[in-house]
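Participant: Mind folding the following:
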Amino acid sequence: MSNEGQAPDLAGDRGFRSVRESVYKYALAGCAVLSVLTTVSIIGVLVLDAAQFFAEVPVLEFLTGTTFSPNLEPVSFGVLPLVLGTILITIGAGALALPTGVLTAIYLSEYASDRTRSILKPMLEVLAGVPTVVYGYFAIVYVTPALNTVITGLNGFLGTEFGTLGLFNGLSASIVVGIMIIPMVSSISEDAMSSVPDSLREAGYGLGATKFNVSLTIVVPAAVSGIASSFILAISRAIGETMAVVLAAGSQPPDIPPVQQAFGIPYVAPADVIGLFTESSATMTVAMVNIAQGDISGGSTAYQSLFAIGLTLFVITLAMNVVSDLVASRYREVYE
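Facilitator: Coordinates of the predicted model:
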């Protein structure tokens, strides 16, 4: 009698399959537990060592001090200049990357053909795979000389007296960090726009809207949660960047600009703010590298300041990621 019409016996090795599934389950659970324990261990090390530092240096002095000099007398551990340098690089990088990334995402999602998208998107993502040290050398060798050439040309054409950039400056660092995070913004934003149902686009076209109007007034608002998440994740990436900033911005923290007053209102002169981009602008990550590579004995206050800076950076990036999750959940659109 033929067995062709009989269903295969899938339950014959039920006992073996049960054991195998249990092994998979506990192996995956072990990986999850290991990840959690690693994260908790890192946080614990930061908190414990930072607590030893704050036992020597008051928290308020650390957060509001205007000079950071762990090696030279008089020793000071004010993190404010490092925070200022980090903010400068992040703002400059965001000003370049955020609009460029969103406009690129709009083109890839709404205008590019499938063939063009298949070529451009991998090329963009290649930027994310370039080692950051290469961006740093690119800033020193090409970006800074090019910017100085432009400044010299403007001075000759307009008769102005803008000063040229030094070898290490915040402007070049901002540009290369901005180039680094463009793929993150464009990729996440493009994925968010592509997930918008075509029915919304067709409704816009049915009302007589152009492709440009549909892109800006329908697709972008519908994908705003993903776009906002890409912004925050990219900014977090810029805050934590190290090697490119070490090479491009130098190791000297920026000077805190003087606060002036007009009609009793405190302000910082715009020229002083612009001048911050023309000088060395060490960030928190750069300071951590300098401390780790410096001639500092382990267990000293200067060495423990490394963990205090790391904890500060961790809190900032954690807050950025929490905000990203809140924005994504608040503005997420659910389509049926």
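
Participant: Can you pull up the most central residue in the chain?
Facilitator: Nearest to the mean C-alpha position of the chain, by Cα atoms, centre = their mean, lies residue 237 at 1.9 Å.

Participant: quick one: what helix or strand has it in it?
Facilitator: Taking DSSP states H and E as the criterion, residue 237 maps to helix 224-239.

Participant: That helix - what's its average pLDDT?
Facilitator: Averaged over helix 224-239, pLDDT sits at 87.

Participant: contacting residues around that helix?
Facilitator: Residues from elsewhere that reach helix 224-239 (Cβ atoms under 8 Å, 6 or more residues apart in numbering): 86, 89-90, 93-94, 97-98, 101-102, 105, 177-178, 180-181, 184-185, 187-189, 191-193, 195, 220, 283, 313, 316-317, 320-321, 323-324, 327-333. Any C-beta I mention is one placed from the backbone N, CA and C, and that applies to glycine too.

Participant: Among the residues you listed, name the ones in strands.
Facilitator: Judged by DSSP state E, strands contain none of the contacts of helix 224-239.

Participant: Show me just the buried residues among those residues.
Facilitator: The neighbour-count test (16 or more other Cβ atoms under 10 Å) marks 86, 89-90, 93-94, 97-98, 101-102, 105, 177-178, 180-181, 184-185, 187-189, 192-193, 220, 283, 313, 316, 320, 324, 327-328, 331 as buried among those.

Participant: what sits against residue 215?
Facilitator: Neighbouring residues of residue 215 by Cβ under 8 Å, 6+ apart: 106, 109, 110.

Participant: before we move on, back to that, among the buried ones among the contacts of helix 224-239, which ones are in helices?
Facilitator: Those of these mapping onto helices are 86, 89-90, 93-94, 97-98, 101-102, 105, 177-178, 180-181, 184-185, 187-189, 192-193, 220, 313, 316, 320, 324, 327-328, 331, per DSSP state H.

Participant: Count the neighbours of the residue lying closest to residue 143 once chain neighbours are set aside for me.
Facilitator: Once flanking residues are discounted, residue 143 sits nearest to residue 172: 4.5 Å by Cβ to Cβ, 6 or more residues apart in numbering. Per other Cβ atoms under 10 Å, the neighbour tally for residue 172 reads 31.

Participant: What distance do you get for residue 172 to residue 136?
Facilitator: Counting by Cβ to Cβ, to the nearest Å, the separation of residue 172 from residue 136 is 9 Å.

Participant: any common contacting residues for these two?
Facilitator: residue 248.

Participant: Residue 261 is in what secondary structure piece?
Facilitator: strand 260-262.

Participant: For that strand, which residues meet the burial criterion?
Facilitator: For strand 260-262, burial by neighbour count (16+ other Cβ under 10 Å) applies to no residue.

Participant: Could you give the separation of that strand from the chain centroid?
Facilitator: Relative to the chain's own centre, strand 260-262 is displaced by 34 Å; criterion: Cα atoms, centre = their mean, to the nearest Å.

Participant: Also stretch 287-299?
Facilitator: Remark: stretch 287-299 is offset 24 Å from the chain centroid, using Cα atoms, centre = their mean.

Participant: Please put the alpha-carbon coordinates of that stretch into PDB.
Facilitator: Output in PDB follows, covering the C-alpha atoms of stretch 287-299 (Å, rounded to 0.1, in the frame of the first residue of the first chain):
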ATOM      1  CA  ALA A 287      39.400  65.000  28.300                       C
ATOM      2  CA  MET A 288      38.800  61.400  29.300                       C
ATOM      3  CA  VAL A 289      41.300  60.200  26.600                       C
ATOM      4  CA  ASN A 290      43.900  62.800  27.900                       C
ATOM      5  CA  ILE A 291      43.500  61.700  31.500                       C
ATOM      6  CA  ALA A 292      43.800  58.000  30.600                       C
ATOM      7  CA  GLN A 293      46.900  58.600  28.500                       C
ATOM      8  CA  GLY A 294      48.500  61.100  31.000                       C
ATOM      9  CA  ASP A 295      51.100  60.500  33.600                       C
ATOM     10  CA  ILE A 296      48.600  60.200  36.400                       C
ATOM     11  CA  SER A 297      48.700  57.500  39.100                       C
ATOM     12  CA  GLY A 298      45.700  55.300  39.600                       C
ATOM     13  CA  GLY A 299      43.500  56.100  42.500                       C
END
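
Participant: can you list contacts of it?
Facilitator: 68, 70-71, 82, 242, 246, 251, 253, 282, 302-303, 305-306, 309-310, 313.

Participant: now the strands for this protein?
Facilitator: Counting by DSSP E, the strands of the chain are 68-69, 76-77, 260-262, 265-267.

Participant: Each with direction, which strands does the second one pair with?
Facilitator: The partner list of strand 76-77 in its sheet, established with DSSP bridges, is strand 68-69 (antiparallel).

Participant: these two touch, right, residue 168 and residue 280?
Facilitator: Yes. Applying Cβ atoms under 8 Å, one finds residue 168 in contact with residue 280, separated by 4.5 Å.
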